[in-house]
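what would the 3D arrangement of this be:
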Amino acid sequence: MRAIQKSGFTLIELLVTIAIVAVLSAIAIPVTLSFVEKSRQATCIGNLRQIGIGLQMYLGDNSNHLPELALGRTSKSSDEPVLETVLSGYVESEEVFHCPSDKKEFRKTGSSYNWNITQNGRRIDELSFLGNDNRPERIPLVSDKEAWHDEKTNFLYADFSSSGKVRFVSGE
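Below is the predicted model:
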């Protein structure tokens, strides 16, 4: 009499396989999410650079004077002059004002970014912010509305560089 052999996985083999897949997933998911967030932050910084290019064109049309804008608006139907309405003719599309990490502000207000109202109407070569007189690399013009990037905020500075680093605090 011949013994019948069954082929297939035993319960232990199946549990070990499931445990290995779970461990690999636990490692892979946070790494993937980190890469996705870095990509969003890079897109946001790219958006700020495009806003900077639009702002440079605006300056050329307005005797090197910055616009006089409100910080932001509470809804898209508000009338006050804001970054996304005044610069709309100087940028490629309205998506430039949308940080990919922003899930609500852009839909609600039309922009993921705030304007630094302390620089309203100033000449680009006469800026000052927190003691940083005429140091454009330390004077923020535009920033994220919220710290969407791992609790960090991106900035467009008056030298038209963009960065996730705070440069305007003394000692930085």
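
gap between the helix ranked longest in the chain and the chain center?
Looking across the chain with DSSP state H, the single longest helix is helix 11-61. Computed by C-alpha atoms, centre = their mean, to the nearest Å, the chain-centroid distance of helix 11-61 equals 12 Å.

what is that helix packed up against?
In terms of contacts (3 or more C-beta pairs under 8 Å, 6 or more residues apart in numbering; DSSP states H and E), helix 11-61 is packed against strand 113-115, strand 140-144, strand 155-157, strand 162-163. (C-beta placed from N, C-alpha, C; glycine too.)

mind running it again at 7 Å?
Using 3 or more C-beta pairs under 7 Å, 6 or more residues apart in numbering; DSSP states H and E as the contact test, the elements touching helix 11-61 are strand 140-144, strand 155-157, strand 162-163.

can you list those strands in TSV and add mean neighbour count and distance to Gln41?
TSV is the format used below for the helices and strands packed on helix 11-61 (neighbours: other C-beta atoms under 10 Å; distance: least, C-beta to C-beta, whole Å):
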stretch	mean neighbour count	distance to Gln41
strand 140-144	24	10
strand 155-157	25	12
strand 162-163	18	11
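
what's the burial count for Tyr113?
Counted with other C-beta atoms under 10 Å, residues neighbouring Tyr113 total 28.

try Asn114
The number of residues packed near Asn114 is 22, by other C-beta under 10 Å.

quick check: beta-bridge partners of it?
Ser143 (DSSP bridges).

residue contacts, it?
Asn114 is in contact with 71-72, 142-143, 145, counting by C-beta atoms under 7 Å, 6 or more residues apart in numbering.

go through these and name the one with the lowest pLDDT.
Minimum pLDDT across the contacts of Asn114 is recorded for Gly72, with 89.

angle of the worst-scoring helix or strand of the chain on mean pLDDT against strand 140-144?
For the chain, scoring each helix and strand by mean pLDDT, DSSP states H and E identifies helix 11-61 as the least confident one, at a mean of 88. For helix 11-61 against strand 140-144, the angle by axes from the mean of the first three to the mean of the last three C-alpha atoms, to 10 degrees is 150 degrees.

how near is the closest residue to Tyr90 other than its chain neighbours to Pro136?
Spatially, and ignoring its direct neighbours in sequence, Tyr90 is nearest to Gly54 (3.5 Å; C-beta to C-beta, 6 or more residues apart in numbering). Look at Gly54 and Pro136: by C-beta to C-beta, to the nearest Å, they are 17 Å apart.
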